[in-house]
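Asker: any chance you can model this:
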Amino acid sequence: MRDTPRISLKASASALAVVLAFVAAPVKANEALVDLAKNTDNWVMTGRDYDAANYSTLTEVNKETVRRLRPAWSFSTGVLHGHEGTPLVVNGRMYIHSPFPNTVFAVDLKDPGKILWQNKPRQMPTARTVACCDVVNRGLAYWPGDGESGALIFRTQLDGHIAALDADTGETRWSMENADIRVGATLTIAPYVIDDLVLVGSSGAELGVRGYVTAYDVKTGEQKWRAFATGPDEEILLGEDFNLANPHYGRFGLGTRTWEGDAWKIGGGTNWGWYAYDPTEKLFYYGSGNPAPWNETMRPGDNKWTMAIWGRDAQTGQARFAYQKTPHDEWDYAGVNVMMLSEQEDKEGKMRKLLTHPDRNGIIYTLDRTNGDLVSADKMDDTVNWVKEVQLDTGLPVRDPEFGTRMDHMARDICPSAMGYHNQGHDSYDPERKLFMLGINHICMDWEPFMLPYRAGQFFVGATLSMYPGPKGDRQNNLGLGQMKAYNAITGEMKWEVMERFSVWGGTMATAGGLTFYGTLDGFIKARDSDTGELLWKHKLPSGVIGHPMTYTHEGRQYVAIYYGVGGWPGVGLVFDLADPTAGLGSVGAFRRLAEYTQMGGGVMVFSLDGEGPYSDPSVGEYEVIGAAEKL
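Answerer: Got it, this is the predicted structure:
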């Protein structure tokens, strides 16, 4: 159905009573989501569970059986452009999202060929003109409901709105404007449910947007808190104990003092990546992105708190810690990448609650997620050259000045490029093997800065980029732009690594069956042996992949599903038919050969052993003649 969003400007008296009761009573929503995530019939959030580990305990599809995987069914969204994230599966239904116009579909897994409902919002098409890197959307969120309210699906829209949809009917329950596209702010992030709050970030740093994360009441849409990445402490929501365990990271007053004048007001730091949550610590984790503009000469200082890993209290928004990975970023190494939670023994044998984050700057950071202690910071690849090392005692990177991006200078062969050695892909952690399965970009760049004024709603970048394969790729033929790696965060070692034709942009899924699944830009879904990296299976999809795989069971059978639909930043040249190699913020040149291997499309492909599924019974989904028609 086409559903006009309804704006809830303030809660009714009865809704306020519900909110007050929520404050006073024990919260049950987290427990329900945790329980749903434990059930392999479900995939209730983009990272499968609050650990964001993208790991499944399912074993029906394993090293021995994976060669029998065949398509069981598929679904077309009817939309071109990049399809990121995963569908959600909850209680026998799959919820599917699309890029702009951000349609949501619900299908019954018993007969997924019939659409139960669809919700296509009316939104301002001008949002397309201010979207940085294609019109993507990274997914949906699910709230299980309580005794008073039914389950909800949450969707973000490119035009800056977040909407709550009835999970049973698809009806829009409420819609709120979270971002103003007139100043270049859009929404591409997957919402995130914690307790009776839904969290949502922001996009638009390339247009001088000041980034923030916001919490809304799931039932009413009432804004509960908003925390900015830059500016005064009271607007960043710094707790009294902020960085108490690591004062060398910096504490108070730095959101303004590390900027020149009022530059923090248009300073970037948006967050459009992935969240994770520790219910015991009551902290959620995410990364703030690049400062604006890209031209470092125009914004002296460390530019806090852009480029940071955050730990915040979900109920209040108060920050317990923030660790800035790339102070005074010079290369657009926006640090919004996935946060994966694990519990492991450190090098001294102490069991710790860890957070591991593969950053765009080519460093994989592991922090103690209780207080922000830096445990390790390893190069994702030995070709990373902008930084010599990260000092664990100070947390600071030791830069190599040869690869700085000062004015009146063309910096050459910087590795990684602005696309990072890792970007928006949602990777996975295998707890049995203690390995993080990483989909990697292998791209370097030349960078030439220029000065420009800020104009609201227009691109505020200030650099021209040329991108090409990294040193291990085939630069002559412009291939070898990606890698797959298995990383141990405690030893810092890569157990195995393999090259790919293009970036592994979408991310990975690990399973207890000893497999690591991922999609490729040239249109394959692949499964590798998690122990050795050996390629065990692949299947050609209708279009390239920028989403990550997921798996679930239905009626006792394991399925593996993945979005296809090329686009996103690496597909900008293909989807918008661009030829200038510096267009698309430099991506067009890097991926100029992508159109030789794939074209646009959009949908979900679902696999099972031998292709068994709902339509193995040919009567499922057939037209039944009833009533008067039987007499004809």
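Asker: low-confidence bits of this protein, can you list those?
Answerer: The chain contains residues with pLDDT under 70 at 1-29, 628-632.
Asker: where do the helices sit along it?
Answerer: Ranges of helices in the chain, per DSSP state H, are 13-24, 29-38, 127-130, 233-236, 254-257, 572-575, 587-590.
Asker: would you mind listing the outside residues contacting the third one?
Answerer: Residues from elsewhere that reach helix 127-130, judged by C-beta atoms under 8 Å, 6 or more residues apart in numbering: Phe100, Val135, Gln157, Leu158, Asp159, Gly160, Ile181, Gly184, Thr186, Gly204, Leu207, Gly457. Placement of C-beta: from N, CA and C, glycine included.
Asker: which residues touch Thr383?
Answerer: For Thr383, the contact set (C-beta under 8 Å, 6+ apart) comprises Cys415, His442, Cys444, Gly470, Pro471, Lys472.
Asker: tell me who's in contact with the fourth one.
Answerer: Spelled out, that is Gly470. Residues touching Gly470, when contacts are defined by C-beta under 8 Å, 6+ apart, comprise Asp381, Thr383, Cys415, Pro416, His442, Ile443, Cys444, Gly480, Leu481.
Asker: give me the phi and psi angles of the first one.
Answerer: Spelled out, it's Asp381. Reported as degrees, to the nearest 10, the phi and psi values for Asp381 are phi -150, psi 150.
Asker: make residue 1 into 47 and carry on from there
Answerer: Okay, residue one is now 47; in that scheme the one you just asked about reads as Asp427.
Asker: didn't it look like it was pressed against Ile409?
Answerer: No. The criterion here is C-beta atoms under 8 Å, and Asp427 misses it with Ile409 at 10.3 Å.
Asker: ok, these two, which is more surrounded?
Answerer: When Asp427 and Ile409 are compared on other C-beta atoms under 10 Å, the one with more neighbours turns out to be Ile409, at 26 against 19.
Asker: what about that one, distance to Leu655?
Answerer: Computed as C-beta to C-beta, to the nearest Å, the Ile409 to Leu655 distance reads 39 Å.
Asker: spell out for me the ChimeraX command that would select the buried members of the contacts of Thr429.
Answerer: Buried members of the contacts of Thr429, defined by 16 or more other C-beta atoms under 10 Å, are picked up in ChimeraX with:
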select :461,488,490,516
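Asker: nearest to Asp439, out of the contacts of Thr429: which one, please.
Answerer: Compare each of the contacts of Thr429 with Asp439 using C-beta to C-beta and the shortest gap goes to Cys461, at 25.6 Å.
Asker: now do the contacts for the closest residue to that closest one other than its chain neighbours.
Answerer: Closest residue to Cys461 in three dimensions, ignoring its sequence neighbours and counting by C-beta to C-beta, 6 or more residues apart in numbering: Cys490, at 4.1 Å. With contact set as C-beta under 8 Å, 6+ apart, Cys490 has these partners: Thr429, Asp459, Ile460, Cys461, Pro462, Ser463, Met513, Tyr514, Pro515, Gly516, Pro517.
Asker: is Cys490 in a bridge, and if so with what?
Answerer: When bridges are taken as DSSP bridges, the partners of Cys490 come out as Tyr514.
Asker: cool, the one 5 residues further on as well?
Answerer: Residues found in beta-bridge contact with Pro495 (criterion: DSSP bridges) are Ala509.
Asker: any idea how far Arg345 is from it?
Answerer: With distances defined as C-beta to C-beta, the gap from Pro495 to Arg345 amounts to 12 Å.
Asker: repeat for Ser388
Answerer: When Ser388 is compared with Arg345 (using C-beta to C-beta), they lie 35 Å apart.
Asker: still on that earlier bit, keep only those of the contacts of helix 173-176 that are in strands.
Answerer: With strands taken from DSSP state E, there is no overlap with the contacts of helix 173-176.
Asker: so Gly632 makes contact with Glu494?
Answerer: No. In terms of C-beta under 8 Å, Gly632 does not count as a neighbour of Glu494; the distance is 10.7 Å.
Asker: hey, what's in contact with both of the two?
Answerer: Between them, Gly632 and Glu494 share the neighbouring residues Thr510, Leu511, with contact defined by C-beta under 8 Å, 6+ apart.
Asker: quick one, which of the two is more surrounded?
Answerer: Neighbours per residue (other C-beta under 10 Å) separate Gly632 from Glu494, with Gly632 holding more: 26 against 17.
Asker: ok, and the closest non-adjacent residue to that one?
Answerer: Once flanking residues are discounted, Gly632 sits nearest to Leu511: 3.1 Å by C-beta to C-beta, 6+ apart.
Asker: and Glu435, by the same measure?
Answerer: Distance criterion C-beta to C-beta, 6+ apart; nearest residue to Glu435, sequence neighbours excluded, is Val444 at 5.2 Å.
Asker: roughly how far apart are the one you found and Ile409?
Answerer: Distance from Val444 to Ile409, counting by C-beta to C-beta: 12 Å.
Asker: what's the overlap in contacts for these two?
Answerer: Shared contacts of Val444 and Ile409, counting by C-beta under 8 Å, 6+ apart, come down to Val433, Val436.
Asker: higher neighbour count, Ser388 and Arg345?
Answerer: The residue with more neighbours, out of Ser388 and Arg345 and counting by other C-beta under 10 Å, is Arg345; that gives 25 against 21.
Asker: so the more buried one makes contact with Gly315?
Answerer: No. No contact is recorded between Arg345 and Gly315 when judged using C-beta under 8 Å, the distance being 11.5 Å.
Asker: so Tyr332 bridges to which residues?
Answerer: For Tyr332, the beta-bridge partners under DSSP bridges are Trp356.
Asker: do I have it right that it meets Asn383?
Answerer: No. With contacts counted by C-beta under 8 Å, Tyr332 stays clear of Asn383, the gap being 9.7 Å.
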